[in-house]
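Student: quick one, fold the following:
(chains A, B, C and D)
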4 protein chains.
Amino acid sequence: MAYYQSKPAAGRHFLQIPGPTNVPDRVLRAMDNPTMDHRGPDFGKLGASILAKVKQVFKTQSHVIIYPASGTGAWEAALVNTLSPGDRVLMSETGWFASLWREMAERLQLRPEFLQGDWRSGADPAAIEAYLRGDKGHEIKAVCVVHNETSTGCTSRIDEVRKAIDAAGHPALLLVDTISSLGSIDYRHDEWGVDVTVAGSQKGLMLPPGLSFNAVSAKALKASETAKLPRSFWDWKPMIAANATGFFPYTPATNMLYALDAAVDMLLEEGLDNVFHRHDRHAEATRRAVRAWGLEIQCDEPRHYSSSLTAVRVPEGNSANALRAAILEKFNMSLGNGLGQLNDRVFRIGHLGDFNDLALMGTLSGVEMGLRVAGVPHRPEGVRAAMDYLAGNA
Amino acid sequence: MAYYQSKPAAGRHFLQIPGPTNVPDRVLRAMDNPTMDHRGPDFGKLGASILAKVKQVFKTQSHVIIYPASGTGAWEAALVNTLSPGDRVLMSETGWFASLWREMAERLQLRPEFLQGDWRSGADPAAIEAYLRGDKGHEIKAVCVVHNETSTGCTSRIDEVRKAIDAAGHPALLLVDTISSLGSIDYRHDEWGVDVTVAGSQKGLMLPPGLSFNAVSAKALKASETAKLPRSFWDWKPMIAANATGFFPYTPATNMLYALDAAVDMLLEEGLDNVFHRHDRHAEATRRAVRAWGLEIQCDEPRHYSSSLTAVRVPEGNSANALRAAILEKFNMSLGNGLGQLNDRVFRIGHLGDFNDLALMGTLSGVEMGLRVAGVPHRPEGVRAAMDYLAGNA
Amino acid sequence: MAYYQSKPAAGRHFLQIPGPTNVPDRVLRAMDNPTMDHRGPDFGKLGASILAKVKQVFKTQSHVIIYPASGTGAWEAALVNTLSPGDRVLMSETGWFASLWREMAERLQLRPEFLQGDWRSGADPAAIEAYLRGDKGHEIKAVCVVHNETSTGCTSRIDEVRKAIDAAGHPALLLVDTISSLGSIDYRHDEWGVDVTVAGSQKGLMLPPGLSFNAVSAKALKASETAKLPRSFWDWKPMIAANATGFFPYTPATNMLYALDAAVDMLLEEGLDNVFHRHDRHAEATRRAVRAWGLEIQCDEPRHYSSSLTAVRVPEGNSANALRAAILEKFNMSLGNGLGQLNDRVFRIGHLGDFNDLALMGTLSGVEMGLRVAGVPHRPEGVRAAMDYLAGNA
Amino acid sequence: MAYYQSKPAAGRHFLQIPGPTNVPDRVLRAMDNPTMDHRGPDFGKLGASILAKVKQVFKTQSHVIIYPASGTGAWEAALVNTLSPGDRVLMSETGWFASLWREMAERLQLRPEFLQGDWRSGADPAAIEAYLRGDKGHEIKAVCVVHNETSTGCTSRIDEVRKAIDAAGHPALLLVDTISSLGSIDYRHDEWGVDVTVAGSQKGLMLPPGLSFNAVSAKALKASETAKLPRSFWDWKPMIAANATGFFPYTPATNMLYALDAAVDMLLEEGLDNVFHRHDRHAEATRRAVRAWGLEIQCDEPRHYSSSLTAVRVPEGNSANALRAAILEKFNMSLGNGLGQLNDRVFRIGHLGDFNDLALMGTLSGVEMGLRVAGVPHRPEGVRAAMDYLAGNA
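Tutor: Numbering: from 1, shown residues only, chains lettered A, B, ... in the order given. Next up is the predicted model:
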């Protein structure tokens, strides 16, 4: 057994949490190369190449900062580079990760204001617009939205949020968390007027965790000049300065950059539109399976369905955690747990990253067999429904 | 895309030919270690350890020879070490690989005699017994049987073959090809009185191709003393001499030995009986799927069903090759082709090696969707039948 | 050529900067394993095991925090967890990295006070004691010392610094940067009464960059309860809470943890004392080579000689950077550059991490041949002097 | 420690036997990719590409056969494809490997005739010519020469052997073993009129052992049509037929082919002439070191000096094996042992494959320190002499 396994388990583990995702061999093998001198001339060439390519994934011409840190750090970076202690920020309660971001804002001495949500849809642009219209003095400095709420499987319409802010005539910055959407669901930093895009390596980018990102608009950059929150590690300024020649102000995570280089190549070779279409297709197949099982999709707003994961509600009186444990035990598959108020109420199927039809069918088969083994009431029709859709659209 | 792919393909390829099988990461990573001095003291320790462990897989106390060559070479080794030009050997026509072995025997200037078969069952012990009884002069020097006929999915009962030879009171050696059974289907070199067991690395042993094996009885060893076929590379004698201290008479395939070491550890950690039970279970689930589709299993003798692969007949008027091509194109899965007279008539599903329930379900889903896409008449009930079985026996 | 090389270069690059160091294959191969579910039960076991083992490397019974971030972040973590805006901190100007740490403190709105140094020795305990005695009101909240100054090759005596603080009867916390010493030079978090030890993965720990550490005393932990600097990503509290069961409060750098697990095993298998002795030996051999070349060691206090790197001054009128460029061009070896005021005046030889006698001799040969190629005046006796020492102490 | 080590050993082992050589990371990582379907369409493309590229390394337009077997097998293949039982073959006793080849010929029922040699030079073209002139009846069917005798470090002049055969007007085939020269020392299959070139993967080709090669002239191919030695695994005919579309007649060593693909790319990127020049340079530096030590080079014919290894004689009364053991124990370096009559009299330094100046200097330093540690009389001037040469020709 692998040294991190507690018992032998033949075959490949199905890692179907909504991230970290299954890292492709090509990416693992890129990472498994000798570490190089991060101040030498070859590094500068590699760094410049990676920084240029990664912008295509964010669909931005502006700066993309790469942190040698996991995704939570990029949230912090977005806040400390643009805001000052006591600043008001508007956040939409889309779910657990939105709530965590709010807690972070509080710990960083900001004053988050939370547009309440029921964790079953994405952010409400109308509510944002109304709230901002009420802020006559423009005290709210930033609007923070989670693009794809990994806890619920709801994707907010960032283009509509942008329009809402504009309609309110409000100058707040727009900060967006794309940790579980970038590289899986269409996202357009420049076109949608996002000021800071927060991203991580371990989902659609198909890397292990350990890198995170800020894509930064000119407006955000300007805000950083006067932002007063103390910052050093996360500071954009020395990053941007050093990045100009392909270098970093402090030691980067060299081998993760190798992996990033390989992963971005893979996304661009497949073509971003093809990547998004593939995720849409797998998400639709999954939802058809869920409905065929007679189970309920946590996201109840079809326009907000996530293409990277599907959160599924178990019927009252059943335990989602017991179901997941049975599936792990019997079928060697990890599914995402319900977070916060959804604990034990939902399980989450990740269908993002380096993924294909047959891996999806293995996944959905594991769920369907798990429902049976765990005694969760359902109709055993989900796998068939998914196959009907996939084969009908092959 | 990987450099050996002709177009980008997201996710992991499903390699469901009946070998080479999906090599576990642990084995690949073992192989990806620096090559060492094959004459140095550490090598001797490693070699001795591997040679000892591998015997457990063959269930023998006798010698196991490891060749730095692929499986076909081990066939040749079995013949040239035990036989002389012009020797008569008895072979059972179980399918394509039995036929290839016969051709090899002819090319090596032996005189193979072929017990005709219909490629739908394993070797017939009664026919062997009858034939040997007819050989009053004991001119037949060896009986060659393919344990698991990879072209048909029929597994011969080697214990019964042994009894047949004994019942005939015939001194012929028993040579058995276990290339696609060893490490997947129960096999007992010593208990079944096999004289030479032929094996390869790339199936149940979960390695890439490039190593092959002869397990050798005392009787076979004695035969080798007088066997006259010219031999050098394949000669057991210098192998056995050098192996005594863990070394090899010429340069071994060092990195493949690393891989073998890891793979045998995996088999022994899981437990051979558990490994065999796992294969039996996946084979049964597969057969249930085939029947539910309304298709025919090539092996028509249930006592000979193979646990490592299932060959499936397509209905008359349909092309198995077109089906396989569609599945490769649409679902990124390789299935085994029909060989020889079965070309285009069967496709073969490999369910051996490092494999588990969900990978099997991905595989069977791919077949079921492929049948639909390729327009092969079938009932779309196979995946469901397999899940019923697997979940009912989880 | 490797994709990160600008031209083909046969053989293995000699990465002899003072970190990142040459990552052993075993560590790279551990990292090159599938990412696992960081919330699943197997992860908890792995995490608990790693957290326990890594304490042995810090020689502490207290908490060791592991950040999914590179070393600079661990500096920041040490400050923001223990201090409040406007706090005075005492720092010793040992070189470039001490200066960077001071800059960070300023950016984080602390008030660093700098005991001036000449970059040719470690911290001066007497000066620290005198300064602290002058701080009657105990306004200085922390003393920050770089254990091994990577820019100069001077190792401060942390035990003496501890005694100096105690002798002054001062309650300041002691924060120590061991980024380029941990796992290479003896270090004792508990015995020396250090409050926060800052460490990184990419030097003596033999990993790629991307993990960093805080070892935390009870006193530091208590200070963190009242420290007012905003913090979230770096906050010890949720880390310690989650670590209790082997988990992390946000996504850890899973594959780097695999690598850490392997690397710590390697250190403990070799034995920490053997590891330190090996580094001492290579450092002494290097210094003998430098003296034999007739060049000057940047560290002019023998009690402060570093065992992980040696900074070498080039004679006036010569360019250390031109020398390094020639060595990179002609001999495929990276050496460390002079930092800050030492730019172009010194080059730095890293002899730490996964390193042995012959790799050192390749390194010193490269320097000696480089001196010749670059026209730097020297006696070609350094390699011989190093061999005399190594062979005399083999 | 690595699982194949008997005790912890920091740093990278110096594998300086004359093969297997140090496999580059790029090659190991290529090998560490999932095994693919060897009958699928992508394999055909890969196979065709590899078969085409590898011809450039042999400098041939003719067929190159790739065996999934180690080098000894390619010797056997050369003989059994071209010769018949009882055929006379002429061999030059250049050393241990020539002797082994002769033994093989005997075991294969050929009649080798051996031109005696003293193991201190390559084959003698004049002696070959004279011998062939004496064979009026042209009964000698093949002349077998080891291009680079790995046991002695003598390289035969194949161009001169060709001329000798021609001068004798003799039709014998010319079979040449290039196992330890191909990819290291200039070799021209077509231009030099070689009929069968025998090669292996684990030396200049920089792969692990496990692949071997026959480059085959039209004349050899014609001879194979009437050759009577039994053959099957080694038979060229089905190989050439299958290779036409990039496939193989039986399962190839897929992952080794990945490695070969990467290795040949590396050789061609560096440029074969540059590769040869690099080897010449390291060989010259090594010989200068040997002479400076006051030791004797086994090869006493400068025109036959090998560029891939140097065999060094220890002074009478000293043990080469004790020296090698001391170097392994103290300096973690493997050197080649003396073979046959040279056992304990010589040690062999491999300086071939993926190798560079500093690795050579580490190697030579290890020898020089080892001579001292083992008490072998010498002048400690070898490393200096090598550096003088390398730096003077940088």
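
Student: ok now stretch A:357-374, how far from the chain's centre?
Tutor: 24 Å (CA atoms, centre = their mean, to the nearest Å).

Student: per-residue confidence averaged over that stretch?
Tutor: Per-residue pLDDT values across stretch A:357-374 average out to 98.

Student: flag every buried residue along it.
Tutor: Neighbour-count burial for stretch A:357-374, with 16 or more other CB atoms under 10 Å in any protein chain shown as criterion, is recorded at A:357-374. In short, each C-beta sits where N, CA and C put it, glycine included.

Student: now, which of the residues you listed lie close to chain D?
Tutor: Applying CB under 8 Å from any CB of the partner chain to the buried residues of stretch A:357-374, one finds that nothing falls near chain D.

Student: which bits of chain A sit near chain D?
Tutor: Within chain A, the residues that sit near chain D (CB under 8 Å from any CB) are A:25, A:29, A:32, A:33, A:34.

Student: compare the residues you listed and tell me which has the most neighbours.
Tutor: With neighbours taken as other CB atoms under 10 Å in any protein chain shown, the top of those is residue A:32, carrying 29 neighbours.

Student: that one contacts residue C:33, doesn't it?
Tutor: No: contact criterion CB atoms under 8 Å: residue A:32 and residue C:33 do not qualify, at 9.5 Å.

Student: what about residue A:232, how many neighbours?
Tutor: If we define neighbours as other CB under 10 Å, then residue A:232 has 22 of them.

Student: please apply the same query to residue A:218.
Tutor: Residue A:218: 10 surrounding residues under other CB under 10 Å.

Student: check what pLDDT it gets.
Tutor: 98.

Student: OK, contacts around the residue lying closest to it once chain neighbours are set aside?
Tutor: Spatial nearest neighbour of residue A:218, chain neighbours left out: residue A:62 (6.6 Å); criterion: CB to CB, 6 or more residues apart in numbering or on different chains. Contact analysis of residue A:62 by CB atoms under 8 Å, 6 or more residues apart in numbering or on different chains lists A:55, A:189, A:190, A:215, A:216, A:217, A:218, A:221.

Student: could I get those as JSON lines with secondary structure?
Tutor: Listed next are the contacts of residue A:62 as JSON lines, based on DSSP: H, G, I helix; E, B strand; the rest coil:
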{"residue": "A:55", "secondary structure": "helix"}
{"residue": "A:189", "secondary structure": "coil"}
{"residue": "A:190", "secondary structure": "coil"}
{"residue": "A:215", "secondary structure": "strand"}
{"residue": "A:216", "secondary structure": "strand"}
{"residue": "A:217", "secondary structure": "coil"}
{"residue": "A:218", "secondary structure": "helix"}
{"residue": "A:221", "secondary structure": "helix"}
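
Student: which one of those residues sits closest to chain B?
Tutor: Top of the list for closeness to chain B, among these and by CB to the nearest CB, is residue A:55 at 20.6 Å.

Student: list the contacts for residue A:93?
Tutor: Residues in contact with residue A:93 (CB under 8 Å, 6+ apart) are A:99, A:102, A:114, A:115, A:116, A:117, A:119.

Student: can you say which of the contacts of residue A:62 are buried?
Tutor: A:55, A:189, A:215, A:216, A:217, A:221.

Student: can you put those residues in JSON lines and add distance to residue A:383?
Tutor: Converted to JSON lines, these look like this (distance: CB to CB, whole Å):
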{"residue": "A:55", "distance to residue A:383": "40"}
{"residue": "A:189", "distance to residue A:383": "38"}
{"residue": "A:215", "distance to residue A:383": "39"}
{"residue": "A:216", "distance to residue A:383": "44"}
{"residue": "A:217", "distance to residue A:383": "44"}
{"residue": "A:221", "distance to residue A:383": "49"}
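
Student: mind listing what's buried along stretch A:185-205?
Tutor: A:185-187, A:189, A:192-205.

Student: end-to-end on it?
Tutor: End-to-end distance of stretch A:185-205: 11 Å, with CA to CA, to the nearest Å as the criterion.

Student: ok, it near chain B or not?
Tutor: No: with CB under 8 Å from any CB as the measure, stretch A:185-205 is seen stopping short of chain B, the closest distance being 11.2 Å.

Student: run the chain-centre distance for that stretch.
Tutor: Stretch A:185-205 has its C-alpha centroid displaced from the chain centroid by 9 Å (CA atoms, centre = their mean).

Student: near chain C, which residues of the stretch 251-394 of chain A?
Tutor: Residues of the stretch 251-394 of chain A found near chain C (CB under 8 Å from any CB) are A:251, A:252, A:253, A:254, A:255, A:256, A:258, A:261, A:328, A:334, A:337.

Student: how about the host helix or strand of residue A:80, does it reach chain C?
Tutor: Applying DSSP states H and E as the criterion places residue A:80 in helix A:71-82. Yes: with CB under 8 Å from any CB as the criterion, chain C is reached by helix A:71-82 at A:71, A:72, A:73, A:75, A:76, A:80.

Student: kindly report the same for stretch A:165-183.
Tutor: No: figure legend: stretch A:165-183 not in contact with chain C (CB under 8 Å from any CB); closest approach 9.1 Å.

Student: just confirm residue A:247 contacts residue A:39, I think it does.
Tutor: Yes: in terms of CB under 8 Å, residue A:247 counts as a neighbour of residue A:39; the distance is 7.0 Å.

Student: overlap in contacts of those two?
Tutor: Common neighbours of residue A:247 and residue A:39 (CB under 8 Å, 6+ apart) do not exist.

Student: buried residues in stretch A:208-215, which are they?
Tutor: Residues A:208, A:209, A:210, A:211, A:212, A:213, A:214, A:215 are the ones in stretch A:208-215 that count as buried (16+ other CB under 10 Å).

Student: ditto for stretch A:83-91
Tutor: Within stretch A:83-91, the residues that qualify as buried are A:83, A:87, A:88, A:89, A:90, A:91, counting by 16+ other CB under 10 Å.

Student: can you redo those residues as a markdown table with pLDDT and secondary structure?
Tutor: Formatted as a markdown table, the buried residues of stretch A:83-91 follow (pLDDT from 0 to 100; DSSP: H, G, I helix; E, B strand; the rest coil):
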| residue | pLDDT | secondary structure |
| --- | --- | --- |
| A:83 | 98 | coil |
| A:87 | 98 | coil |
| A:88 | 98 | strand |
| A:89 | 98 | strand |
| A:90 | 98 | strand |
| A:91 | 98 | strand |
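
Student: OK, contacts around the most centrally placed residue in chain A?
Tutor: For chain A, the residue sitting closest to the mean C-alpha position, by CA atoms, centre = their mean, is residue A:180 at 1.4 Å. Residues in contact with residue A:180 (CB under 8 Å, 6+ apart) are A:18, A:19, A:148, A:150, A:203, A:204, A:306, A:308, A:309, A:352.
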